[in-house]
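Student: how would this look folded up:
(chains A and B)
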Amino acid sequence: GAGVSQSPSNKVTEKGKDVELRCDPISGHTALYWYRQSLGQGLEFLIYFQGNSAPDKSGLPSDRFSAERTGGSVSTLTIQRTQQEDSAVYLCASSLQGNTEAFFGQGTRLTVV
Amino acid sequence: QQQVKQSPQSLIVQKGGISIINCAYENTAFDYFPWYQQFPGKGPALLIAIRPDVSEKKEGRFTISFNKSAKQFSLHIMDSQPGDSATYFCAAKGGNEKLTFGTGTRLTIIP
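Tutor: Numbers count the residues shown, from 1 in each chain, chains lettered A, B, ... in the order given. Here you go, the predicted structure:
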């Protein structure tokens, strides 16, 4: 596609439910990032993929959070047993391998009620 | 450990003035320094980026100044306009490592 695509754009879920957030990176981009942004706050790093492997998953806040990437393309971020503090905008970005610009998607706004 | 420190947290500049946002980094392995602009409800968008082999890069009204010895870099917005009102993030990256972001600066341009 023309840009990084994230779905859904908005998600409201009940506390305790599991959610899956999807990211379609730009075709050919080998690097993929997930960040979390709370209202009016900065970008909190979650996990980074190079191809299908995740050399850095140090930002995942708890074992309720997991992510995978298949075929070097689509990535899914899964949050199990959601809590209210998980409410945030989840941003995905992709880039070509190496030090090149990262392009962000529009994000998924997650609200846990 | 915060590896990229950004200041100020918020900035108000009069239309036509110069907006200056500063960042400092710790990791000497960083060799790519982008700035992102974010409008409310949107994802961050790359504005301008620099590599440490140059001390300055200019694109239109936006300039990055880079001081390798001081491990500092800054964004200058000349002739600031109300449409520049947004949140700006500096970032740094080295090799195949993750992008590390500063905490952001909320810029408001007043008429």
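Student: burial count for the residue lying closest to B:Glu26 once chain neighbours are set aside?
Tutor: Of all residues beyond its chain neighbours, the one nearest B:Glu26 is B:Gln3 (5.2 Å), with distances taken as C-beta to C-beta, 6 or more residues apart in numbering or on different chains. Any C-beta I mention is one placed from the backbone N, CA and C, and that applies to glycine too. The number of residues packed near B:Gln3 is 13, by other C-beta atoms under 10 Å in any protein chain shown.
Student: A:Gly71 too?
Tutor: With neighbours defined by other C-beta under 10 Å, the count for A:Gly71 comes to 7.
Student: same question for the one 4 residues further on.
Tutor: Counted with other C-beta under 10 Å, the neighbours of A:Ser75 add up to 24.
Student: that one and chain B, how far apart?
Tutor: Taking C-beta to the nearest C-beta, to the nearest Å as the measure, A:Ser75 falls 14 Å from chain B.
Student: what do you get for A:Ser5?
Tutor: Applying C-beta to the nearest C-beta to A:Ser5 and chain B gives a distance of 11 Å.
Student: surely that residue meets A:Asp24?
Tutor: Yes. With contact taken as C-beta atoms under 8 Å, A:Ser5 and A:Asp24 are classed as touching, separated by 4.2 Å.
Student: can you tell me the strand partners of the least confident helix or strand in chain B by mean pLDDT and which way each runs?
Tutor: Considering only helices and strands, the least confidently modelled element of chain B by mean pLDDT, DSSP states H and E is strand B:100-101, at a mean of 90. Applying DSSP bridges, strand B:100-101 is found paired with strand B:86-92 (antiparallel).
Student: list the contacts of residue 106.
Tutor: All of this refers to chain A. Listed by C-beta atoms under 8 Å, 6 or more residues apart in numbering or on different chains, the contact set of A:Gln106 reads A:6, A:9, B:42-43.
Student: you answered for a different chain; I wanted chain B.
Tutor: With contacts defined as C-beta under 8 Å, 6+ apart, the neighbours of B:Arg106 are B:9-11, B:87.
Student: count of neighbours near B:Pro40?
Tutor: The local packing count at B:Pro40 equals 8, with neighbours defined by other C-beta under 10 Å.
Student: what's the spacing between it and B:Pro34?
Tutor: When distances are taken as C-beta to C-beta, to the nearest Å, B:Pro40 and B:Pro34 turn out to be 21 Å apart.
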